[in-house]
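**Q** structure of the sequence below:
(2 chains)
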There are 2 protein chains.
Amino acid sequence: MKKIEDCTFGVVGLGLMGGAISLALRGKTRCILACDVDAAVLETAKRNGVIDAGFLDPQEMLPVCDVVYLCLNPLTMLAFLDTWMPSFGTGALLTDIAGVKTPIVTAMEEKLRPDLDFVPGHPMAGSEKGGFAQAKSCVFTGKNYILTPLKRNKAENIEFIKNVIYRMGFSRVTETTAEDHDRKIAFTSQLCHVIAAALIDCEPDSTITRFGGGSFEDLTRIAMLNAPQWTELFLENKRELLRRVAQFEGSLDRLKALIAGERKDDLQAYLQTVRDRRASMK
Amino acid sequence: MKKIEDCTFGVVGLGLMGGAISLALRGKTRCILACDVDAAVLETAKRNGVIDAGFLDPQEMLPVCDVVYLCLNPLTMLAFLDTWMPSFGTGALLTDIAGVKTPIVTAMEEKLRPDLDFVPGHPMAGSEKGGFAQAKSCVFTGKNYILTPLKRNKAENIEFIKNVIYRMGFSRVTETTAEDHDRKIAFTSQLCHVIAAALIDCEPDSTITRFGGGSFEDLTRIAMLNAPQWTELFLENKRELLRRVAQFEGSLDRLKALIAGERKDDLQAYLQTVRDRRASMK
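**A** Sure thing, here's the model as predicted:
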């Protein structure tokens, strides 16, 4: 594998994440190309020096890329790969950012062109502000990144992607299976988004924020989600997500019973255990 | 009423909030006295110039105070007032910080000494780090403050407390009834703490944070709560809190059904509505 600085990177989809990744790779690669359906976004990115060239037609970009960063919603990405698989350059390395991994890994184990490699990944970073214009608001410093390698991945390609990730500023890369990723992300990310959405759904009065002291704001910021993207993520990881919702409901029921029964000592013990556990999480 | 700068302020309870209030009032009053059960905390506060004098015995402090800031947990404060009511100086103005207001207002309407005034309040600020040593971590700038006046409050005393609040850096004071406060706080604060606690309760694996991307961290930071204090707040506002939990469960059920039924369009519409509503909240 070439060095990062000698590689031509292609970014497919110049939204919030594609834009943030382009910005984070700026000056660290030979050049950065991007393709998107939005000509104005490509033009802005080129004018601002975020990319070297923009393409509406993937066929013009894919063949010359050493590394392709697929920054699309999961199902859009799978459809993109079905269409453009023949167009990648020989021996190219692909990676992605999809927030659900089992469907991606399953598809790629089956469909990936034999000469290509594809290291599935999930940058644990984002912003409630969407789109390329907000890419700067998406900060990678100190953030987590998960890789869910395919059985066929070459070790050197996993290493290469890890180097790219650290070079962009992420601080911790965890390798695991797609199934483990989807189980854990259902909790740390999807369940949290479900809770934030339900919280906002149950309060129609927007002046409620006069009574906010930070908790409500912190718990509901992520309710400003990208609706089509999260619809896809929830449905593609439905089984694990619903399992986590049920688990959360169990804990909530236990807490509710302590409050309803005015079991002061047990309630305080529950809260103290929770406090200590959260404080031990790094 | 005197001007703030001519008043002797007494702070009862030099924990996180009592400490933060003392710090915020520093240099803006004639002097700041404090009483606490912890001699070491009083000593530290005096040595650091946060207070002018510290007292273990309220009897030595209360009689000389023009304004008394009661910074205790709700039930502890009510017990304190039962004991020390005779000790306040003639015509003194009292205020508090309790996170639940109906029990306080009910008790004060009945028990307050006729020559005193008591303006019940709730600063919507705090920190997951407790105690006087962390007082600096509790920032008031830009925060909300709720007042739930008694029927008997003199208008000039409400004005005085509002001035104190703005002088400390808060940006918005809302006046309402104790009942309205408790209904709304059950949602913006207590329900959020219940959710954060339940989230942590249902995941025993502390390495789950390797899969965190900010959502989980934001939703559970407040799980690092003060267990005795929140036990009291939950139980003292039990009825409203359980009503809000039930409301939240209703919204969660609706969302769960959309996911389980794979009703893609309805799910996306739910999420879009939520996104727009949260974005409109200032």
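**Q** quick check: the residue of the stretch 51-200 of chain A found nearest chain B vs B:Arg275, distance?
**A** Nearest residue of the stretch 51-200 of chain A to chain B: A:Met124, at 3.1 Å (C-beta to the nearest C-beta). C-betas here are computed from N, CA, C, even on glycine. Separation of A:Met124 from B:Arg275 (C-beta to C-beta, to the nearest Å): 21 Å.
**Q** repeat for A:Gly54
**A** 28 Å.
**Q** related to what we said a few turns ago, I figured the residue of the stretch 51-200 of chain A closest to chain B hits A:Phe140, correct?
**A** No: judged on C-beta atoms under 8 Å, A:Met124 makes no contact with A:Phe140 at a distance of 9.5 Å.
**Q** among these two, which residue is more densely surrounded?
**A** A:Met124 (23 against 18; other C-beta atoms under 10 Å in any protein chain shown).
**Q** one step back: who's the residue of the stretch 51-200 of chain A closest to chain B bridged to?
**A** A:Asn144 (DSSP bridges).
**Q** and it, how far from A:Thr141?
**A** From A:Met124 to A:Thr141 the distance is 12 Å (C-beta to C-beta).
**Q** cool, A:Thr44 as well?
**A** 24 Å.
**Q** what's the burial count for the residue in the stretch 151-282 of chain A that chain B sits nearest to?
**A** Closest contact between the stretch 151-282 of chain A and chain B, by C-beta to the nearest C-beta, is at A:Gly213 (3.1 Å). A:Gly213: 22 surrounding residues under other C-beta under 10 Å.
**Q** how about it: what's its closest non-neighbour residue?
**A** B:Met124 (3.1 Å; C-beta to C-beta, 6 or more residues apart in numbering or on different chains).
**Q** just checking, that neighbour touches B:Tyr145?
**A** Yes: if you go by C-beta under 8 Å, B:Met124 and B:Tyr145 touch, sitting 6.3 Å apart.
**Q** could you dump stretch A:11-24 to PDB, C-alpha only?
**A** Only the C-alpha atoms of stretch A:11-24 are listed here, as PDB (Å, rounded to 0.1, in the frame of the first residue of the first chain):
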ATOM      1  CA  VAL A  11     -15.000  11.100  -1.300                       C
ATOM      2  CA  VAL A  12     -18.400  10.000  -2.300                       C
ATOM      3  CA  GLY A  13     -21.100  12.200  -0.900                       C
ATOM      4  CA  LEU A  14     -20.000  15.700   0.300                       C
ATOM      5  CA  GLY A  15     -22.400  16.200   3.200                       C
ATOM      6  CA  LEU A  16     -21.600  16.900   6.800                       C
ATOM      7  CA  MET A  17     -19.300  13.800   7.200                       C
ATOM      8  CA  GLY A  18     -17.900  13.800   3.700                       C
ATOM      9  CA  GLY A  19     -17.100  17.500   4.100                       C
ATOM     10  CA  ALA A  20     -15.600  17.000   7.600                       C
ATOM     11  CA  ILE A  21     -13.400  14.100   6.400                       C
ATOM     12  CA  SER A  22     -12.200  16.100   3.400                       C
ATOM     13  CA  LEU A  23     -11.300  19.000   5.700                       C
ATOM     14  CA  ALA A  24      -9.500  16.700   8.100                       C
END
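**Q** do that stretch and chain B meet at all?
**A** No: between stretch A:11-24 and chain B, judged by C-beta under 8 Å from any C-beta of the partner chain, nothing touches; the nearest distance is 11.7 Å.
**Q** so which residues of the stretch 1-150 of chain A form helices?
**A** With DSSP state H, counting those that start in this stretch as the definition, the stretch 1-150 of chain A shows helices at residue ranges A:16-25, A:39-47, A:58-61, A:74-84, A:102-111.
**Q** which strands and helices sit next to the longest one?
**A** The reference is to helix A:74-84. The helices and strands touching helix A:74-84, judged by 3 or more C-beta pairs under 8 Å, 6 or more residues apart in numbering or on different chains; DSSP states H and E, are helix A:58-61, strand A:67-70, helix A:102-111, helix A:227-236.
**Q** redo these as JSON lines? Include mean pLDDT and distance to A:Phe248.
**A** As requested, these are arranged in JSON lines below (pLDDT from 0 to 100; distance: least, C-beta to C-beta, whole Å):
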{"stretch": "helix A:58-61", "mean pLDDT": "98", "distance to A:Phe248": "41"}
{"stretch": "strand A:67-70", "mean pLDDT": "98", "distance to A:Phe248": "32"}
{"stretch": "helix A:102-111", "mean pLDDT": "95", "distance to A:Phe248": "21"}
{"stretch": "helix A:227-236", "mean pLDDT": "95", "distance to A:Phe248": "15"}
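**Q** redo the ones you listed as a markdown table? Include distance to B:Ile97 and mean neighbour count.
**A** Shown next, in a markdown table, are these (distance: least, C-beta to C-beta, whole Å; neighbours: other C-beta atoms under 10 Å in any protein chain shown):
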| stretch | distance to B:Ile97 | mean neighbour count |
| --- | --- | --- |
| helix A:58-61 | 60 | 16 |
| strand A:67-70 | 51 | 25 |
| helix A:102-111 | 49 | 17 |
| helix A:227-236 | 38 | 21 |
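**Q** reformat the ones you listed as JSON lines; add distance to chain B.
**A** Compiled in JSON lines, the helices and strands packed on helix A:74-84 are given as follows (distance: least, C-beta to the nearest C-beta, whole Å):
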{"stretch": "helix A:58-61", "distance to chain B": "26"}
{"stretch": "strand A:67-70", "distance to chain B": "18"}
{"stretch": "helix A:102-111", "distance to chain B": "14"}
{"stretch": "helix A:227-236", "distance to chain B": "4"}
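**Q** may I see these organised as a markdown table, with distance to A:Asp265 added?
**A** Formatted as a markdown table, those follow (distance: least, C-beta to C-beta, whole Å):
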| stretch | distance to A:Asp265 |
| --- | --- |
| helix A:58-61 | 63 |
| strand A:67-70 | 54 |
| helix A:102-111 | 43 |
| helix A:227-236 | 39 |
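**Q** who has more neighbours, A:Thr44 and A:Thr141?
**A** Comparing A:Thr44 with A:Thr141 by other C-beta under 10 Å, the one with more neighbours is A:Thr44, at 17 against 10.
**Q** show me what contacts the more buried one?
**A** A:Phe132, A:Ala133 (C-beta atoms under 8 Å, 6 or more residues apart in numbering or on different chains).
**Q** distance of it from A:Val50?
**A** A:Thr44 is 8 Å from A:Val50, by C-beta to C-beta.
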